[in-house]
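Peer 1: next come a sequence and a model predicted from it.
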Amino acid sequence: MSRIGRMPIAIPAGVTVEVAENNKVTVKGPKGTLERVLPAEMEIKVEGAEVVVSRPNDLKKMKSLHGLTRTLINNMVVGVTQGYEKKLEVNGVGYRAQKSGKVLTLSLGYSHPVEMTDPEGIETALEGQNIIYVRGIDKEKVGQFAAEIRDKRRPEPYKGKGIKYADEVIRRKVGKTGKK
């Protein structure tokens, strides 16, 4: 049995979980509403203040979908109660970020500033000029937008310049040494 898949998901106070046909799960909470269509083979039941996911048989595909389905529902519940946040750091001389309205402007050593608009349901916030917070209720969208920001200038291994996640460790390399 899947160790993650068989764990029930506790529904906190103020959160409602509804399962419609074709396993369309809607989670409403204090921070907003999330909807997702989950694999039709899984059986999702709301029992009191818990959500239980069960699988029809022990085929390899069903085993792998079991844990996934449970985790996706859990991420939705956590999203509407606490929300998700990714922290990015901009490192480098002259590299900085600015925010005006919904537009994040990044100066990353290119000949032009890079402008990014916050997608639906995601908000970015700045702390100083070099720390960016990406916040939202959908874990997948928060991670995706943070990855897109990081992609504008990935950290390089020699000086460590670029945009990195706050918890990311950059493997540093030693530069060239002259001949003797």
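Peer 2: Great, that's in hand.
Peer 1: could you use CA atoms for every contact and neighbour count after this?
Peer 2: Will do.
Peer 1: so what's the residue count around Lys60?
Peer 2: Applying other Cα atoms under 10 Å, we find 9 residues neighbouring Lys60.
Peer 1: name the residue closest to the centre of this protein, please.
Peer 2: By Cα atoms, centre = their mean, the chain has its centre lying nearest to Gly143, at 3.0 Å.
Peer 1: in what helix or strand does the residue lying closest to that residue once chain neighbours are set aside lie?
Peer 2: Closest residue to Gly143 apart from its sequence neighbours, by Cα to Cα, 6 or more residues apart in numbering: Lys86 at 7.1 Å. Lys86 belongs to strand 84-91 when assigned by DSSP states H and E.
Peer 1: who touches whichever helix in the chain runs longest?
Peer 2: The residue-count maximum for a helix in the chain (DSSP state H) belongs to helix 60-81. Helix 60-81 has contacts (Cα atoms under 8 Å, 6 or more residues apart in numbering) with 1-6, 9, 11, 15, 25, 27-34, 38-39, 41-42, 52-56, 136-139.
Peer 1: tell me the angle of that helix relative to strand 84-91?
Peer 2: Computed with axes from the mean of the first three to the mean of the last three Cα atoms, to 10 degrees, the direction of helix 60-81 lies at 80 degrees from that of strand 84-91.
Peer 1: now for Gly92, how many residues are close by?
Peer 2: That count, for Gly92 with other Cα under 10 Å as the rule, works out to 16.
Peer 1: same question, Gly14
Peer 2: Using other Cα under 10 Å: Gly14 sits among 10 other residues.
Peer 1: just Ala146 next, same as before
Peer 2: Ala146, neighbours per other Cα under 10 Å, totals 21.
Peer 1: the residue nearest to Gly143 touches Tyr133, doesn't it?
Peer 2: Yes. Taking Cα atoms under 8 Å as the definition, Lys86 is a contact partner of Tyr133 at 5.7 Å.
Peer 1: just the C-alphas of the strand holding Lys86, formatted as CSV.
Peer 2: The C-alpha trace of strand 84-91 is given here as CSV (Å, rounded to 0.1, in the frame of the first residue of the first chain):
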residue,chain,number,x,y,z
TYR,A,84,2.9,29.1,-0.8
GLU,A,85,5.9,31.3,-1.1
LYS,A,86,9.3,31.1,-2.9
LYS,A,87,12.1,33.4,-2.1
LEU,A,88,14.6,34.4,-4.8
GLU,A,89,17.8,36.4,-4.5
VAL,A,90,19.4,38.6,-7.2
ASN,A,91,23.2,38.6,-6.8
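Peer 1: if anything else comes up later, I'll come back, but that's it for now.
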